[in-house]
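**Q** Fold the following and give me the result.
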Amino acid sequence: MIFTTAQRLRALDLLKARGMLRLKDFVAEGIGPETLARLVREEAVVRPARGLYQLPDTQAEAAHALAEAAVLVPKGVVCLTSALQYHELTLQMPSAVWMAIDRTAWRPKFDYPPIKFVRFKGSALTEGVERHRIEGVEVPITNPARSRSRSDIARRHSVGASAPTTRSAMKAQRAPSNGNSAEKAPDSRFSIDWRIIFRARCSRVLAVSGLMPR
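**A** Numbering: from 1, shown residues only. Predicted structure coming up:
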């Protein structure tokens with residue numbers, strides 16, 4: 001009983017310090033699954049997903065799902081629309097966490113949190129990646145420049161993610177034209193139908209040559 005109580009206190013201290021942990025993390029600290037099951041029954045700890053534990057008073061903010069995904073997929077990288085939303089570069093709220101994994105890695109399966117996986121190759125998983133601490137969890141996220149790069153935009157379109165509505169894009173849409181004639185739509189009043197001119201010239205040639213049908 002004393003040993004179980006010590007495990008219980010240790011488990012709660014770990015969650016307070018690190019936000020959320022997997023079952024294997026508790027086992028590595030000498031805390032058995034029986035202790036965790038008792039904490040869940042007592043509602044001292046909640047299990048939002050299989051193998052994931054956190055305190056019940058954890059505030060569910062927009063970045064909370066990123067922390068949960070990072071714990072469940074420790075080798076993944078938050079990317080695409082989810083990274084843009086974290087950096088406040090889009091007004092969209094993605095319905096799932098976009099996360100990159102290695103192209104040969106096993107694809108985890110769980111119901112919560114909803115995650116959409118894309119596969120990156122080699123240095124694409126490390127270049128332009130920052131680590132942010134969210135609720136005590138270190139979360140790898142592509143930096144703003146990488147999140148807006150052409151390669152990621154192309155990859156976002158190829159995997160079916162909707163193109164983000166960025167703040168800069170909205171400003172560009174509202175901004176007036178700079179007056180360059182190349183950017184202005186042609187005025188229909190002065191448009192020329194070259195087919196009419198061509199037919200008129202042909203008729204004139206035939207008439208001069210005496211070949212115009214009577």
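**Q** and S95, how far is that from P113?
**A** Distance check for S95 against P113: by C-beta to C-beta, to the nearest Å, it reads 11 Å. (Glycine included, C-beta is placed from N, CA and C.)
**Q** Those two - which one has more neighbours?
**A** P113 (18 against 9; other C-beta atoms under 10 Å).
**Q** Next one: the more buried one, what pLDDT does it get?
**A** What the model reports for P113 is a pLDDT of 83.
**Q** Surely it touches A62?
**A** No: contact criterion C-beta atoms under 8 Å: P113 and A62 do not qualify, at 11.7 Å.
**Q** can you tell me which residues contact E68?
**A** Residues near E68 by C-beta atoms under 8 Å, 6 or more residues apart in numbering: M20, P48, A49, L52, Q54, Y112, P113.
**Q** Just the buried ones from those residues?
**A** M20, P48, A49, L52, Q54, P113 (16 or more other C-beta atoms under 10 Å).
**Q** which stretches of the chain form helices?
**A** With DSSP state H, the ranges of helices along the chain come out as 2-18, 23-28, 33-41, 64-72, 80-86, 144-147, 150-159, 167-174, 194-209.
**Q** which one of these has the lowest average pLDDT?
**A** Across the helices of the chain, the lowest-scoring stretch is helix 167-174, with a mean of 51.
**Q** Tell me how far the nearest residue to T35 once chain neighbours are set aside lies from P74.
**A** Once flanking residues are discounted, T35 sits nearest to Q7: 4.3 Å by C-beta to C-beta, 6 or more residues apart in numbering. Using C-beta to C-beta, one gets 23 Å for the distance from Q7 to P74.
**Q** neighbour count winner among those two?
**A** Each of Q7 and P74 has its neighbours counted (other C-beta under 10 Å); Q7 has more, 20 against 12.
**Q** In contact with that one: list those residues for me.
**A** Contacts of Q7 by C-beta under 8 Å, 6+ apart are G30, I31, G32, T35.
**Q** Find the residue closest to the third one in space, skipping its chain neighbours.
**A** Same thing as G32. Spatial nearest neighbour of G32, chain neighbours left out: Q7 (6.6 Å); criterion: C-beta to C-beta, 6+ apart.
**Q** tell me which residues of stretch 46-62 are tucked away?
**A** Quick answer for stretch 46-62 (16+ other C-beta under 10 Å): V46, P48, A49, L52, Y53, Q54, T58.
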